[in-house]
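Undergrad: Mind looking at a prediction? Sequence and model below.
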Amino acid sequence: MKTYMTAIAIGCAILLVGIVVRRWTDWRIVHQRLVGSAIVCYGVYLATLTGTVSTFVLPGLSAMGSGAAAGAGVGLLTYALIGTVGVVTGGVGIAVGGLAMALIGGGLGLTGALAGGAGFRTVTYPLVSPWFWAPVLAIGVYVFFGALRKRELRIQQALLTKDSN
């Protein structure tokens, strides 16, 4: 029951506003503004429609290669620094060797690149192309402000005919 009463009240309000607008204004200009604003609202609505996609992303070969190369470089640098003082620190640098340190660093760098590059990524994209909604907005603005331009032209024509008489 409440829904019917609300619908009837809204209908009566729209009818009353329509009668007042038609009686005291130039209906053609008001109608053109209403149509223009409706087209603009539709264009804005289309522009806000977006979709999302979530995917699991694995790192590329370049990320894995650069991580492994950086790790191998750090391993060789570690061998160069620790190897000279390996006796003092327990002989780790001398006992393991440069190639083994590079392999260990490369493996850790590859693992870091895999862990850092993998994960979920959410991509948001427009559902309606701007090639469609941008002209809709332009047409709506043109229709809305075209009403103002036509009214100015009618006023100018009325003044010119009044002055010529």
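TA: Thanks, I have it.
Undergrad: What ranges does this protein have for its helices?
TA: Using DSSP state H, the helices of the chain run over 2-24, 27-48, 61-84, 92-96, 98-117, 130-164.
Undergrad: Nearest to Thr55, out of those?
TA: Ranking these by proximity to Thr55 (CB to CB) places helix 98-117 first, at 13.4 Å. C-beta coordinates here come from the backbone N, C-alpha and C atoms, glycine included.
Undergrad: If we ignore the residues flanking it in sequence, what's nearest Thr52?
TA: Nearest residue to Thr52, sequence neighbours excluded (CB to CB, 6 or more residues apart in numbering): Thr124, at 5.1 Å.
Undergrad: can I assume the one you found is in contact with Thr50?
TA: Yes - between Thr124 and Thr50 there is a contact under CB atoms under 8 Å: 5.3 Å.
Undergrad: shared neighbours of these two, anything?
TA: By CB atoms under 8 Å, 6 or more residues apart in numbering, Thr124 and Thr50 have no common neighbours.
Undergrad: one step back: gap between the residue nearest to Thr52 and Pro130?
TA: Separation of Thr124 from Pro130 (CB to CB, to the nearest Å): 14 Å.
Undergrad: The two: which is more packed in?
TA: Of the pair Thr124 and Pro130, Pro130 is the one with more neighbours under other CB atoms under 10 Å, namely 11 against 8.
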